[in-house]
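A.B. asks: sharing a sequence plus its predicted fold:
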Amino acid sequence: MNSRQSIRTGTPSAATTFTTELGSWHLQRFPARKQDPLQAWDAADELIHSWLATQRPQWQAPLLINDSFGALLMACHSELLTPPPVVHSLTDSYVSQRGFQHNSKLNQLNLQLPALNLLQPLQNLPPNIDAVLLKIPKSISLLEFQLATLATTLKPGTPIVAAAKSKLFTPSVRQLFERYCDNVSVSLASKKSRTLEAQLKAVADAEPADFIDAWQLPEYGLEMRHHAGVFARNALDIGARFMLQHMPAAGANRVIDLGCGNGILGIVYAQQSPHSQVTWVDESYLAMASCRTNIDLNLPHSEAYQTRVDDCLSQQPSASADLILCNPPFHQEHAVTEHIARQMFRDAKRVLQPNGELWLVANRHLPYYASLKRLFKQVDQHAQNAKFVIWRARG
(Lines give C-alpha, C1' and ligand atoms only; values in the text may rest on other atoms or scores of the structure.)
Protein backbone atom coordinates (compact mmCIF):
# COMPACT_ATOMS: atom_id res chain seq x y z
CA MET A 1 0.00 0.00 0.00
CA ASN A 2 1.31 3.39 -0.92
CA SER A 3 0.77 7.00 0.06
CA ARG A 4 2.47 10.33 -0.56
CA GLN A 5 2.06 11.37 3.05
CA SER A 6 5.20 11.31 5.18
CA ILE A 7 5.28 9.51 8.48
CA ARG A 8 5.89 11.64 11.54
CA THR A 9 8.37 10.41 14.07
CA GLY A 10 9.27 11.51 17.55
CA THR A 11 5.69 12.44 18.43
CA PRO A 12 4.49 12.16 22.04
CA SER A 13 2.41 9.25 23.29
CA ALA A 14 -1.33 9.45 22.69
CA ALA A 15 -3.88 9.40 25.48
CA THR A 16 -5.29 6.02 26.48
CA THR A 17 -8.13 7.22 28.72
CA PHE A 18 -11.30 7.57 26.67
CA THR A 19 -13.88 9.77 28.42
CA THR A 20 -17.32 10.71 27.08
CA GLU A 21 -20.79 11.48 28.43
CA LEU A 22 -21.26 7.73 28.83
CA GLY A 23 -18.23 7.02 31.00
CA SER A 24 -14.48 6.56 31.06
CA TRP A 25 -12.44 3.62 29.76
CA HIS A 26 -8.86 2.59 29.15
CA LEU A 27 -8.42 1.95 25.41
CA GLN A 28 -5.30 0.83 23.58
CA ARG A 29 -4.58 0.13 19.96
CA PHE A 30 -3.56 -3.43 19.17
CA PRO A 31 -0.96 -4.65 19.58
CA ALA A 32 -0.32 -2.30 22.50
CA ARG A 33 2.92 -0.34 22.20
CA LYS A 34 4.81 1.83 24.63
CA GLN A 35 4.73 5.52 23.67
CA ASP A 36 2.19 4.88 20.90
CA PRO A 37 1.51 8.24 19.18
CA LEU A 38 -1.87 7.02 17.89
CA GLN A 39 -4.93 6.76 20.10
CA ALA A 40 -7.50 3.98 19.91
CA TRP A 41 -10.52 6.21 19.13
CA ASP A 42 -11.38 9.32 17.16
CA ALA A 43 -13.92 12.13 17.08
CA ALA A 44 -16.40 9.94 15.20
CA ASP A 45 -16.45 7.52 18.15
CA GLU A 46 -17.04 10.46 20.48
CA LEU A 47 -19.98 11.70 18.36
CA ILE A 48 -21.65 8.28 18.44
CA HIS A 49 -21.22 8.23 22.22
CA SER A 50 -22.86 11.66 22.40
CA TRP A 51 -25.75 10.48 20.21
CA LEU A 52 -26.29 7.44 22.43
CA ALA A 53 -26.13 9.54 25.60
CA THR A 54 -28.83 11.83 24.20
CA GLN A 55 -31.12 9.22 22.63
CA ARG A 56 -30.75 6.41 25.22
CA PRO A 57 -31.93 3.64 22.84
CA GLN A 58 -33.16 0.31 24.24
CA TRP A 59 -31.66 -2.03 21.66
CA GLN A 60 -31.52 -5.78 22.16
CA ALA A 61 -28.92 -6.81 19.56
CA PRO A 62 -27.01 -3.94 17.93
CA LEU A 63 -24.45 -4.53 15.19
CA LEU A 64 -21.18 -2.58 15.40
CA ILE A 65 -19.38 -2.19 12.07
CA ASN A 66 -15.73 -1.11 11.75
CA ASP A 67 -15.32 -0.56 15.49
CA SER A 68 -11.53 -0.51 15.34
CA PHE A 69 -10.58 -1.08 18.98
CA GLY A 70 -13.83 -1.33 20.90
CA ALA A 71 -14.83 2.30 21.51
CA LEU A 72 -18.39 1.54 20.37
CA LEU A 73 -18.52 -1.63 22.45
CA MET A 74 -17.72 0.45 25.53
CA ALA A 75 -20.71 2.66 24.74
CA CYS A 76 -23.06 -0.32 24.51
CA HIS A 77 -21.99 -1.42 27.99
CA SER A 78 -22.04 1.99 29.63
CA GLU A 79 -23.63 2.07 33.08
CA LEU A 80 -25.82 4.93 31.80
CA LEU A 81 -27.45 2.68 29.20
CA THR A 82 -29.21 -0.66 29.47
CA PRO A 83 -26.62 -3.14 28.15
CA PRO A 84 -28.09 -5.22 25.31
CA PRO A 85 -28.17 -9.02 25.81
CA VAL A 86 -25.95 -9.45 22.75
CA VAL A 87 -23.65 -7.22 20.73
CA HIS A 88 -22.59 -8.23 17.23
CA SER A 89 -19.35 -6.78 15.83
CA LEU A 90 -18.43 -6.91 12.14
CA THR A 91 -15.01 -5.92 10.81
CA ASP A 92 -12.69 -6.91 7.98
CA SER A 93 -9.68 -6.61 10.27
CA TYR A 94 -8.33 -9.49 12.34
CA VAL A 95 -6.16 -6.97 14.23
CA SER A 96 -9.27 -4.95 15.11
CA GLN A 97 -10.93 -8.09 16.42
CA ARG A 98 -7.90 -8.76 18.61
CA GLY A 99 -8.01 -5.14 19.80
CA PHE A 100 -11.71 -5.52 20.52
CA GLN A 101 -11.03 -8.51 22.75
CA HIS A 102 -7.98 -6.88 24.35
CA ASN A 103 -9.86 -3.75 25.40
CA SER A 104 -12.87 -5.74 26.53
CA LYS A 105 -10.65 -7.57 29.04
CA LEU A 106 -8.73 -4.40 29.90
CA ASN A 107 -12.02 -2.82 31.01
CA GLN A 108 -13.15 -5.99 32.80
CA LEU A 109 -16.03 -6.67 30.43
CA ASN A 110 -14.66 -10.13 29.55
CA LEU A 111 -17.43 -10.66 27.02
CA GLN A 112 -17.79 -13.97 25.21
CA LEU A 113 -20.44 -15.68 23.13
CA PRO A 114 -23.35 -15.25 23.18
CA ALA A 115 -22.96 -11.76 24.70
CA LEU A 116 -20.31 -10.77 22.14
CA ASN A 117 -20.47 -12.18 18.63
CA LEU A 118 -17.50 -11.38 16.37
CA LEU A 119 -18.38 -11.56 12.67
CA GLN A 120 -16.36 -11.65 9.46
CA PRO A 121 -17.41 -9.79 6.29
CA LEU A 122 -18.59 -12.81 4.30
CA GLN A 123 -20.55 -14.44 7.12
CA ASN A 124 -24.33 -14.33 7.17
CA LEU A 125 -25.67 -11.70 9.55
CA PRO A 126 -27.77 -12.91 12.51
CA PRO A 127 -31.50 -12.23 12.03
CA ASN A 128 -31.96 -10.63 15.46
CA ILE A 129 -29.99 -7.42 14.73
CA ASP A 130 -32.20 -4.44 15.61
CA ALA A 131 -29.81 -1.48 15.08
CA VAL A 132 -26.50 -0.61 13.41
CA LEU A 133 -23.65 1.62 14.57
CA LEU A 134 -21.22 2.12 11.69
CA LYS A 135 -17.85 3.85 11.43
CA ILE A 136 -17.59 4.86 7.77
CA PRO A 137 -14.50 3.19 6.24
CA LYS A 138 -11.94 4.83 4.02
CA SER A 139 -12.84 2.52 1.12
CA ILE A 140 -16.00 3.51 -0.75
CA SER A 141 -16.31 0.02 -2.23
CA LEU A 142 -16.20 -1.51 1.25
CA LEU A 143 -18.85 0.94 2.47
CA GLU A 144 -21.19 0.02 -0.38
CA PHE A 145 -20.62 -3.69 0.19
CA GLN A 146 -21.47 -3.25 3.87
CA LEU A 147 -24.58 -1.16 3.16
CA ALA A 148 -25.76 -3.63 0.51
CA THR A 149 -25.26 -6.52 2.93
CA LEU A 150 -27.32 -4.72 5.56
CA ALA A 151 -30.10 -3.74 3.15
CA THR A 152 -30.49 -7.24 1.73
CA THR A 153 -30.33 -8.97 5.13
CA LEU A 154 -31.89 -6.86 7.87
CA LYS A 155 -35.49 -5.75 8.28
CA PRO A 156 -36.49 -2.55 6.47
CA GLY A 157 -36.66 0.28 8.95
CA THR A 158 -33.71 -0.93 11.03
CA PRO A 159 -32.03 2.23 12.39
CA ILE A 160 -28.46 3.00 11.40
CA VAL A 161 -26.19 5.62 12.95
CA ALA A 162 -22.93 6.28 11.11
CA ALA A 163 -20.03 8.61 11.81
CA ALA A 164 -16.79 9.73 10.20
CA LYS A 165 -14.60 12.72 9.56
CA SER A 166 -16.46 15.45 7.69
CA LYS A 167 -14.22 15.08 4.63
CA LEU A 168 -15.55 11.54 4.12
CA PHE A 169 -19.13 12.79 3.75
CA THR A 170 -18.71 13.35 0.03
CA PRO A 171 -21.65 13.50 -2.41
CA SER A 172 -20.91 9.91 -3.46
CA VAL A 173 -21.06 8.69 0.15
CA ARG A 174 -24.38 10.45 0.71
CA GLN A 175 -25.72 8.92 -2.50
CA LEU A 176 -24.77 5.45 -1.27
CA PHE A 177 -26.70 5.93 1.93
CA GLU A 178 -29.68 7.27 0.00
CA ARG A 179 -29.63 4.20 -2.23
CA TYR A 180 -29.74 1.76 0.67
CA CYS A 181 -31.53 3.84 3.32
CA ASP A 182 -34.55 6.05 3.89
CA ASN A 183 -34.78 9.27 5.91
CA VAL A 184 -31.05 10.05 5.64
CA SER A 185 -30.05 12.96 7.88
CA VAL A 186 -26.50 14.30 8.31
CA SER A 187 -25.51 16.37 11.34
CA LEU A 188 -23.58 19.60 11.41
CA ALA A 189 -19.83 19.24 11.78
CA SER A 190 -18.38 18.83 15.28
CA LYS A 191 -14.70 18.20 15.94
CA LYS A 192 -14.31 17.99 12.13
CA SER A 193 -16.63 14.96 12.09
CA ARG A 194 -20.31 14.26 11.49
CA THR A 195 -22.98 11.69 12.25
CA LEU A 196 -25.60 10.30 9.89
CA GLU A 197 -28.97 8.86 10.87
CA ALA A 198 -31.12 6.72 8.58
CA GLN A 199 -33.32 3.62 8.34
CA LEU A 200 -32.43 0.71 6.12
CA LYS A 201 -34.72 0.01 3.17
CA ALA A 202 -35.20 -3.18 1.19
CA VAL A 203 -32.91 -3.43 -1.84
CA ALA A 204 -33.39 -6.49 -3.99
CA ASP A 205 -30.73 -5.98 -6.66
CA ALA A 206 -27.55 -6.08 -4.56
CA GLU A 207 -25.67 -9.36 -4.12
CA PRO A 208 -22.18 -9.98 -2.67
CA ALA A 209 -20.97 -11.21 -6.08
CA ASP A 210 -21.73 -7.75 -7.47
CA PHE A 211 -18.81 -6.37 -5.46
CA ILE A 212 -16.10 -8.66 -6.83
CA ASP A 213 -13.90 -6.95 -9.44
CA ALA A 214 -11.62 -8.71 -11.92
CA TRP A 215 -8.63 -7.65 -14.01
CA GLN A 216 -6.06 -9.35 -16.19
CA LEU A 217 -2.28 -9.47 -15.97
CA PRO A 218 -1.49 -10.89 -19.41
CA GLU A 219 2.31 -10.76 -19.11
CA TYR A 220 2.02 -13.37 -16.35
CA GLY A 221 -1.07 -15.12 -17.68
CA LEU A 222 -3.07 -14.19 -14.59
CA GLU A 223 -6.67 -13.27 -13.86
CA MET A 224 -7.09 -11.50 -10.53
CA ARG A 225 -10.33 -11.09 -8.59
CA HIS A 226 -10.92 -8.80 -5.64
CA HIS A 227 -13.53 -8.33 -2.95
CA ALA A 228 -14.55 -4.84 -1.89
CA GLY A 229 -12.01 -2.83 0.07
CA VAL A 230 -8.97 -4.88 -0.98
CA PHE A 231 -5.92 -2.82 -1.96
CA ALA A 232 -5.23 -2.56 -5.72
CA ARG A 233 -8.75 -3.76 -6.43
CA ASN A 234 -8.86 -2.58 -10.05
CA ALA A 235 -5.27 -2.90 -11.27
CA LEU A 236 -1.79 -4.02 -10.26
CA ASP A 237 -0.26 -1.43 -7.93
CA ILE A 238 2.99 0.11 -9.12
CA GLY A 239 5.01 -1.04 -6.11
CA ALA A 240 4.06 -4.67 -6.69
CA ARG A 241 4.75 -4.26 -10.42
CA PHE A 242 8.29 -3.08 -9.65
CA MET A 243 8.80 -6.01 -7.27
CA LEU A 244 7.63 -8.48 -9.94
CA GLN A 245 10.32 -7.13 -12.25
CA HIS A 246 13.01 -7.95 -9.68
CA MET A 247 11.83 -11.13 -7.95
CA PRO A 248 14.26 -13.38 -6.07
CA ALA A 249 15.46 -16.52 -7.79
CA ALA A 250 13.21 -19.56 -7.80
CA GLY A 251 14.00 -22.50 -5.57
CA ALA A 252 13.29 -21.36 -2.00
CA ASN A 253 11.67 -24.20 -0.09
CA ARG A 254 9.28 -22.41 2.28
CA VAL A 255 8.04 -18.99 1.20
CA ILE A 256 5.69 -16.47 2.84
CA ASP A 257 3.92 -13.58 1.11
CA LEU A 258 3.50 -11.26 4.11
CA GLY A 259 0.74 -8.64 3.96
CA CYS A 260 -0.24 -10.36 0.75
CA GLY A 261 -3.40 -8.45 -0.20
CA ASN A 262 -4.60 -10.03 -3.45
CA GLY A 263 -1.69 -12.50 -3.30
CA ILE A 264 0.11 -11.35 -6.44
CA LEU A 265 3.71 -11.62 -5.20
CA GLY A 266 3.33 -15.15 -3.88
CA ILE A 267 1.33 -16.28 -6.91
CA VAL A 268 4.00 -15.13 -9.36
CA TYR A 269 6.74 -16.71 -7.25
CA ALA A 270 4.76 -19.98 -7.12
CA GLN A 271 4.45 -19.84 -10.91
CA GLN A 272 8.21 -19.48 -11.25
CA SER A 273 9.01 -21.98 -8.48
CA PRO A 274 6.23 -24.61 -8.53
CA HIS A 275 7.90 -26.87 -5.98
CA SER A 276 8.08 -24.16 -3.30
CA GLN A 277 5.73 -24.31 -0.31
CA VAL A 278 4.11 -20.88 -0.40
CA THR A 279 1.94 -19.41 2.37
CA TRP A 280 0.01 -16.14 2.07
CA VAL A 281 -0.64 -14.04 5.21
CA ASP A 282 -2.76 -10.93 5.75
CA GLU A 283 -4.88 -9.43 8.53
CA SER A 284 -7.81 -8.62 6.21
CA TYR A 285 -10.49 -11.29 5.83
CA LEU A 286 -11.56 -9.91 2.45
CA ALA A 287 -7.95 -9.83 1.25
CA MET A 288 -7.51 -13.46 2.24
CA ALA A 289 -10.75 -14.44 0.51
CA SER A 290 -9.55 -12.64 -2.63
CA CYS A 291 -6.14 -14.28 -2.36
CA ARG A 292 -7.65 -17.76 -1.99
CA THR A 293 -9.79 -17.17 -5.08
CA ASN A 294 -6.75 -15.99 -7.04
CA ILE A 295 -4.69 -19.00 -5.99
CA ASP A 296 -7.47 -21.34 -7.11
CA LEU A 297 -7.83 -19.48 -10.43
CA ASN A 298 -4.17 -19.26 -11.34
CA LEU A 299 -2.14 -22.05 -9.76
CA PRO A 300 -2.33 -25.79 -10.41
CA HIS A 301 -2.71 -28.00 -7.33
CA SER A 302 -4.00 -24.95 -5.48
CA GLU A 303 -5.16 -27.08 -2.57
CA ALA A 304 -1.51 -27.53 -1.58
CA TYR A 305 -1.10 -23.83 -0.82
CA GLN A 306 -1.96 -22.25 2.53
CA THR A 307 -3.54 -18.91 3.45
CA ARG A 308 -3.47 -17.50 6.98
CA VAL A 309 -5.25 -14.59 8.65
CA ASP A 310 -2.78 -13.22 11.19
CA ASP A 311 -1.42 -10.14 12.94
CA CYS A 312 1.73 -9.94 10.80
CA LEU A 313 3.42 -13.31 11.55
CA SER A 314 2.40 -13.59 15.22
CA GLN A 315 1.08 -17.13 14.87
CA GLN A 316 3.77 -18.46 12.52
CA PRO A 317 6.49 -20.73 13.95
CA SER A 318 10.05 -19.49 14.37
CA ALA A 319 12.75 -20.44 11.87
CA SER A 320 10.12 -21.84 9.52
CA ALA A 321 10.67 -19.87 6.28
CA ASP A 322 13.46 -19.51 3.76
CA LEU A 323 12.07 -16.47 1.94
CA ILE A 324 9.59 -13.75 2.86
CA LEU A 325 8.15 -11.39 0.23
CA CYS A 326 6.62 -8.17 1.51
CA ASN A 327 4.91 -5.04 0.16
CA PRO A 328 4.03 -3.51 3.56
CA PRO A 329 1.32 -0.93 4.27
CA PHE A 330 2.09 2.22 6.20
CA HIS A 331 -1.43 3.14 7.12
CA GLN A 332 -4.05 1.49 9.31
CA GLU A 333 -7.43 2.65 7.99
CA HIS A 334 -7.18 6.47 8.40
CA ALA A 335 -3.97 6.51 10.48
CA VAL A 336 -0.55 6.86 8.85
CA THR A 337 2.00 4.78 10.74
CA GLU A 338 5.14 2.74 10.18
CA HIS A 339 4.65 0.49 13.22
CA ILE A 340 3.02 -2.22 11.05
CA ALA A 341 6.09 -2.41 8.82
CA ARG A 342 8.42 -2.52 11.82
CA GLN A 343 6.37 -5.35 13.34
CA MET A 344 6.58 -7.17 10.01
CA PHE A 345 10.38 -6.81 10.05
CA ARG A 346 10.66 -8.16 13.61
CA ASP A 347 8.35 -11.06 12.85
CA ALA A 348 10.22 -11.82 9.62
CA LYS A 349 13.51 -11.96 11.51
CA ARG A 350 12.05 -14.49 13.95
CA VAL A 351 10.30 -16.63 11.33
CA LEU A 352 13.19 -16.80 8.85
CA GLN A 353 15.78 -19.54 8.94
CA PRO A 354 19.29 -18.28 9.85
CA ASN A 355 20.16 -17.99 6.15
CA GLY A 356 16.69 -16.88 5.05
CA GLU A 357 15.96 -13.63 3.26
CA LEU A 358 13.36 -10.87 3.47
CA TRP A 359 12.61 -9.11 0.16
CA LEU A 360 10.78 -5.84 0.63
CA VAL A 361 9.46 -3.20 -1.77
CA ALA A 362 8.80 0.27 -0.34
CA ASN A 363 8.51 3.92 -1.26
CA ARG A 364 11.97 5.51 -1.40
CA HIS A 365 11.16 8.14 1.24
CA LEU A 366 10.27 5.63 3.95
CA PRO A 367 13.04 5.18 6.57
CA TYR A 368 13.10 1.40 6.50
CA TYR A 369 16.84 0.86 6.05
CA ALA A 370 17.66 1.80 9.64
CA SER A 371 14.91 -0.45 11.02
CA LEU A 372 16.09 -3.37 8.90
CA LYS A 373 19.73 -2.81 9.79
CA ARG A 374 18.96 -3.07 13.51
CA LEU A 375 17.55 -6.55 12.93
CA PHE A 376 19.54 -8.07 10.07
CA LYS A 377 23.29 -8.41 9.60
CA GLN A 378 23.15 -7.64 5.90
CA VAL A 379 20.75 -5.22 4.20
CA ASP A 380 21.25 -4.57 0.47
CA GLN A 381 19.47 -2.34 -1.98
CA HIS A 382 18.57 -4.82 -4.69
CA ALA A 383 16.87 -2.40 -7.11
CA GLN A 384 15.45 1.12 -7.23
CA ASN A 385 13.64 3.53 -9.49
CA ALA A 386 12.36 7.07 -9.07
CA LYS A 387 9.65 6.02 -6.58
CA PHE A 388 10.52 2.63 -5.06
CA VAL A 389 13.37 0.65 -3.61
CA ILE A 390 13.67 -3.10 -3.09
CA TRP A 391 15.55 -4.15 0.03
CA ARG A 392 17.04 -7.59 0.62
CA ALA A 393 17.73 -8.38 4.28
CA ARG A 394 19.34 -11.51 5.71
CA GLY A 395 21.38 -12.87 8.59
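C.D. replies: Sure thing, it's come through. Just so it is clear, the model here is predicted, and its values are computed rather than measured.

A.B. asks: those strands in the stretch 1-150 of the chain, which residues are they?
C.D. replies: Taking DSSP state E, counting those that start in this stretch to define them, one finds strands in the stretch 1-150 of the chain at 17-20, 23-26, 62-65, 87-90, 116-119, 131-135.

A.B. asks: could you dump these into JSON lines and include mean neighbour count, mean pLDDT and distance to P317?
C.D. replies: Using the backbone N, CA and C atoms, a C-beta is placed for each residue, glycine as well. Formatted as JSON lines, the strands of the stretch 1-150 of the chain follow (neighbours: other C-beta atoms under 10 Å; pLDDT from 0 to 100; distance: least, C-beta to C-beta, whole Å):
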{"stretch": "strand 17-20", "mean neighbour count": "16", "mean pLDDT": "97", "distance to P317": "36"}
{"stretch": "strand 23-26", "mean neighbour count": "16", "mean pLDDT": "96", "distance to P317": "33"}
{"stretch": "strand 62-65", "mean neighbour count": "25", "mean pLDDT": "98", "distance to P317": "33"}
{"stretch": "strand 87-90", "mean neighbour count": "22", "mean pLDDT": "97", "distance to P317": "29"}
{"stretch": "strand 116-119", "mean neighbour count": "19", "mean pLDDT": "94", "distance to P317": "25"}
{"stretch": "strand 131-135", "mean neighbour count": "24", "mean pLDDT": "99", "distance to P317": "35"}
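
A.B. asks: dump those strands into TSV; add distance to A240 as well.
C.D. replies: Below are those laid out as TSV (distance: least, C-beta to C-beta, whole Å):
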stretch	distance to A240
strand 17-20	37
strand 23-26	39
strand 62-65	29
strand 87-90	28
strand 116-119	30
strand 131-135	28
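
A.B. asks: closest one to M344 among these?
C.D. replies: Smallest distance to M344 across the strands of the stretch 1-150 of the chain (C-beta to C-beta): 24.1 Å, for strand 116-119.

A.B. asks: ok so L196 is a strand residue?
C.D. replies: Yes - assigned with DSSP: H, G, I helix; E, B strand; the rest coil, L196 falls within a strand.

A.B. asks: correct me, but it touches V161?
C.D. replies: Yes - if you go by C-beta atoms under 8 Å, L196 and V161 touch, sitting 7.2 Å apart.

A.B. asks: for V86, see how far away G221 is.
C.D. replies: 48 Å (C-beta to C-beta, to the nearest Å).

A.B. asks: more neighbours, those two?
C.D. replies: V86 (20 against 9; other C-beta atoms under 10 Å).

A.B. asks: right, and the more buried one touches L118 too?
C.D. replies: No - using C-beta under 8 Å, V86 makes no contact with L118, being 11.6 Å away.

A.B. asks: pull the distance from stretch 363-374 to the chain's centre.
C.D. replies: 23 Å (C-alpha atoms, centre = their mean, to the nearest Å).

A.B. asks: buried set for that stretch?
C.D. replies: By 16 or more other C-beta atoms under 10 Å, the buried positions in stretch 363-374 come out as N363, L366, Y368, S371, L372.

A.B. asks: do stretch 158-169 as well
C.D. replies: Applying a neighbour-count criterion of 16+ other C-beta under 10 Å, one finds T158, P159, I160, V161, A162, A163, A164, K165, S166, L168, F169 buried in stretch 158-169.

A.B. asks: swap in stretch 213-224?
C.D. replies: L217, L222, M224.

A.B. asks: where does pLDDT dip in the chain?
C.D. replies: Counting by pLDDT under 70, the ranges of the chain that qualify are 1-13, 113, 208, 330-337.

A.B. asks: domain parsing for it?
C.D. replies: Listed by automatic domain parsing, the domain ranges of the chain are 17-200, 212-394.

A.B. asks: not counting its neighbours along the chain, what's nearest E197?
C.D. replies: S185 (4.8 Å; C-beta to C-beta, 6 or more residues apart in numbering).

A.B. asks: I misspoke; the intended subject was P317.
C.D. replies: Nearest-residue entry for P317: V351, 7.2 Å, with adjacent residues in sequence omitted and distances by C-beta to C-beta, 6+ apart.

A.B. asks: isn't that neighbour right next to L323, touching?
C.D. replies: No - V351 lies out of contact with L323 (C-beta under 8 Å); the separation is 10.7 Å.

A.B. asks: just give me the neighbour total for S104.
C.D. replies: Residues near S104, counting by other C-beta under 10 Å: 19.

A.B. asks: in contact with it, which residues?
C.D. replies: Applying C-beta atoms under 8 Å, 6 or more residues apart in numbering to S104 gives the contacts G70, L73, N110, L111, L116.

A.B. asks: tell me the one of the residues you listed nearest I48?
C.D. replies: Using C-beta to C-beta, L73 comes nearest to I48 of these, at 11.3 Å.

A.B. asks: quick one: the closest one from D130, how far?
C.D. replies: For L73 relative to D130 (C-beta to C-beta), the value is 17 Å.

A.B. asks: one more: D67?
C.D. replies: On the measure of C-beta to C-beta, D67 and D130 end up 17 Å apart.

A.B. asks: one step back: quick one: the residue nearest to E197 from P57, how far?
C.D. replies: From S185 over to P57 the distance is 16 Å, taken as C-beta to C-beta.

A.B. asks: of those two, which one has the most company?
C.D. replies: Counted by other C-beta under 10 Å, S185 and P57 do not tie: P57 has more neighbours, with 16 against 10.
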